[in-house]
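J.: give me a model of this one.
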Amino acid sequence: GIRELFAKNLRKSRQAKGLSQEELAHLASIDRTYVSSLERAVYSPSIEVLEKLAHALGVQPEDLIK
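T.: Numbers count the residues shown, from 1 in each chain. This is a model prediction of the structure:
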């Protein structure tokens, strides 16, 4: 599903930037445990969180869900 796709793309994008989950969480102003949960497809991000993560990673929001 889209949640799993997002989780995979988020992890791939974060690793490509050489960021830890903690560093990404700091850049996106969200909790590290939430980043971890998103990467494990435990939760779906809100549109706002999707936008924050994409901005922190220097990608377009749609890149994380396609």
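J.: just the buried positions in the helix or strand harbouring residue 5, please.
T.: Take DSSP states H and E as the rule and residue 5 turns out to sit in helix 2-16. Within helix 2-16, the residues that qualify as buried are 6-7, 9-11, 13-14, counting by 16 or more other CB atoms under 10 Å. Bear in mind the C-beta positions are built from the backbone N, C-alpha and C, glycine included.
J.: now these in JSON lines, with pLDDT?
T.: Formatted as JSON lines, the buried residues of helix 2-16 follow (pLDDT from 0 to 100):
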{"residue": "6", "pLDDT": "98"}
{"residue": "7", "pLDDT": "98"}
{"residue": "9", "pLDDT": "98"}
{"residue": "10", "pLDDT": "98"}
{"residue": "11", "pLDDT": "98"}
{"residue": "13", "pLDDT": "98"}
{"residue": "14", "pLDDT": "98"}
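J.: what is the end-to-end distance of stretch 35-46?
T.: End-to-end distance of stretch 35-46 (CA to CA, to the nearest Å): 12 Å.
J.: same question for stretch 9-27.
T.: Per CA to CA, stretch 9-27 runs 17 Å from first to last residue.
J.: do stretch 19-34 as well
T.: Start-to-end span of stretch 19-34 (CA to CA) is 15 Å.
J.: what's the helix holding residue 5 in contact with?
T.: 21, 24, 35, 38-41, 43-45, 50, 53, 57, 59, 63-66 (CB atoms under 8 Å, 6 or more residues apart in numbering).
J.: let's see it at 10 Å
T.: Counting by CB atoms under 10 Å, 6 or more residues apart in numbering, helix 2-16 makes contact with 1, 19-21, 23-25, 27, 35, 37-45, 50, 53-54, 56-59, 63-66, all of which sit outside it.
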